[in-house]
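**Q** sequence-free structure coming up:
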C-alpha cells in the first residue's frame, strides 16, 4: 500500500511535472515558491486530496504553509483523517 507521501508525489509528477526526474521532487521541495503549484494546479491538487483520501479541506486548511511541500501536505491529510 502506497503512503500518502508517495501518492501525492506521484500525482504532482504526473500532472504538473511530466518527464521530470522523480529524484528532483523531494518531500521538502517548495511547491509554490518553485512554481510547481499555481492557483489552478492547487485547485487540482486539493480536489485530488479530497477524493483520494476522503477528507474535506476547509479554506483555512489551504494556506501556503499546509501546501508548501509534500511533507506538509501529508501532515494536513493525516490530521484531517484523524479528525473525522
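**A** Arrived safely, thanks for sending. The structure presented is a predicted model; accordingly, all values stated were derived computationally and were not measured. Residues are numbered from 1 along each chain as shown.
**Q** helix, strand or coil: sort out the nearest residue to residue 71 once chain neighbours are set aside for me.
**A** Residue nearest to residue 71 in three dimensions, not counting chain neighbours: residue 27, with 4.3 Å by CB to CB, 6 or more residues apart in numbering. In short, each C-beta sits where N, CA and C put it, glycine included. Following DSSP: H, G, I helix; E, B strand; the rest coil, the label given to residue 27 is coil.
**Q** now do residue 27, the pLDDT please.
**A** Note on residue 27: pLDDT of 96.
**Q** my read: it touches residue 68, true?
**A** No. Shown here, residue 27 and residue 68 do not form a contact pair, counting by CB atoms under 8 Å, at 11.3 Å.
**Q** out of the two, which sits in the busier spot?
**A** In terms of neighbours (other CB atoms under 10 Å), residue 68 is the more surrounded of residue 27 and residue 68; the figures are 18 against 13.
**Q** pretty sure the more buried one contacts residue 32?
**A** Yes. At 6.1 Å, residue 68 and residue 32 qualify as touching, with contact defined as CB under 8 Å.
**Q** what sits against residue 29?
**A** Counting by CB atoms under 8 Å, 6 or more residues apart in numbering, residue 29 touches 36, 69, 70.
**Q** tell me the one among these nearest to residue 53.
**A** Distances from residue 53 to these, taken as CB to CB, are shortest for residue 70 (13.6 Å).
**Q** what's around the closest one, how many residues?
**A** Counted with other CB under 10 Å, the neighbours of residue 70 add up to 22.
**Q** where does the closest residue in space to residue 61 that isn't next to it in sequence sit, in terms of helix or strand?
**A** Spatially, and ignoring its direct neighbours in sequence, residue 61 is nearest to residue 76 (6.1 Å; CB to CB, 6+ apart). Using DSSP states H and E, the element containing residue 76 is helix 70-82.
**Q** contact partners of that helix?
**A** Against helix 70-82 from outside (CB under 8 Å, 6+ apart): 3-5, 8-9, 12, 25-29, 31, 45, 49, 53-57, 61, 65-67.
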